[in-house]
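Colleague: structure, please.
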Amino acid sequence: MDIPTISLINHSVYLEDAKKAIKIRPILVKEEKLLLASKDSINIETNDSSETKSNVETIVNVVRACILTPNLDITKLTYSDFIHIFIELRKISKGKTVGLILHCNKCKTPQQQIEIGIDEIIKFSPSENKSSIVMLTDNIGVELRPLTLDFYVDLALDEKYIKHKGTDYMNFLTNCEILKHHTVAIIKGEERFENLTDEQLEFFYDNIRKDDFIALKRWYDGNSKFTIQYDWKCSNSGCENSFKRDDILSFFAFV
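Modeller: Residues are numbered from 1 along each chain as shown. The predicted model follows:
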């Protein structure tokens with residue numbers, strides 16, 4: 001005898017970078033169990049655990065399972081689009097509010113936990129870039145693509161990154177890897193140099209000026225992004241405070 005199952009409501013999410021809508025379903029209990037098993041250590045953005053590999057795979061696999069649109073390779077989505085999907089999954093699976101415990105920067109007294117709408121604390125910054133091409137000289141430029149999820153996954157699994165994360169050396173090296181991974185073409189006048197090897201890309205970027213490197217990094221800083229921010233005033237001290245988080249995956253996986 002077949003056991004009855006509950007039909008799930010499909011939801012549509014429009015991805016700003018991909019410029020298309022996809023269908024998703026809520027997270028199921030079996031998938032919630034997987035997320036909770038990683039509760040104490042999952043953090044793609046900071047990689048704080050020796051179990052990072054399994055945690056990264058868990059969250060990517062849960063999101064993949066909830067996407068109903070066929071033939072969608074989520075690792076090729078931009079990181080911003082992936083974050084958008086995860087936020088919407090949280091809203092349709094566990095509700096559109098989240099509990100926050102606020103701490104005043106002045107009096108350090110924990111405030112009572114509040115329930116606040118997710119849409120009230122999520123800040124989306126659309127891309128500021130008008131073109132995918134960054135010109136470094138009058139006739140030499142680089143065509144770039146936004147940061148993709150597969151790059152973040154590879155970075156999270158890189159032992160060298162985990163060992164040296166947070167250092168000036170690793171921050172610089174990461175920016176270099178971002179450029180190599182996301183270069184579509186190097187342009188000189190009417191010529192396009194595509195499908196370049198890692199060695200060719202490393203040679204090119206090793207021989208640009210610091211100002212060129214800053215211009216390329218500025219392009220990436222101008223890509224679309226999601227952050228968490230909630231501004232509030234302490235009832236005890238009257239101090240203005242701001243709750244900010246960039247690690248959206250680790251925050252929304254468990255609240």
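Colleague: return the distance of stretch 245-252 from the chain's centre.
Modeller: 9 Å (Cα atoms, centre = their mean, to the nearest Å).
Colleague: next, count neighbours for the nearest residue to residue 240 once chain neighbours are set aside.
Modeller: Counting by Cβ to Cβ, 6 or more residues apart in numbering, residue 240 lies nearest to residue 233, which is 5.6 Å off, once chain neighbours are set aside. Backbone N, C-alpha and C define where each C-beta goes, glycine included. Residues near residue 233, counting by other Cβ atoms under 10 Å, number 10.
Colleague: my guess is residue 233 meets residue 242, correct?
Modeller: No - with contacts counted by Cβ atoms under 8 Å, residue 233 stays clear of residue 242, the gap being 10.5 Å.
Colleague: report the central residue of this protein.
Modeller: residue 79 (4.2 Å; Cα atoms, centre = their mean).
Colleague: pretty sure that residue contacts residue 152?
Modeller: Yes - Residue 79 lies in contact with residue 152 (Cβ under 8 Å); the separation is 5.5 Å.
Colleague: returning to that earlier point: phi, psi of the residue nearest to the centre of the chain?
Modeller: phi -60, psi -40 (degrees, to the nearest 10).
Colleague: how about it, what does it touch?
Modeller: Shown in contact with residue 79 (Cβ atoms under 8 Å, 6 or more residues apart in numbering): 146-149, 151-152.
Colleague: phi and psi next, for residue 21.
Modeller: phi -100, psi 140.
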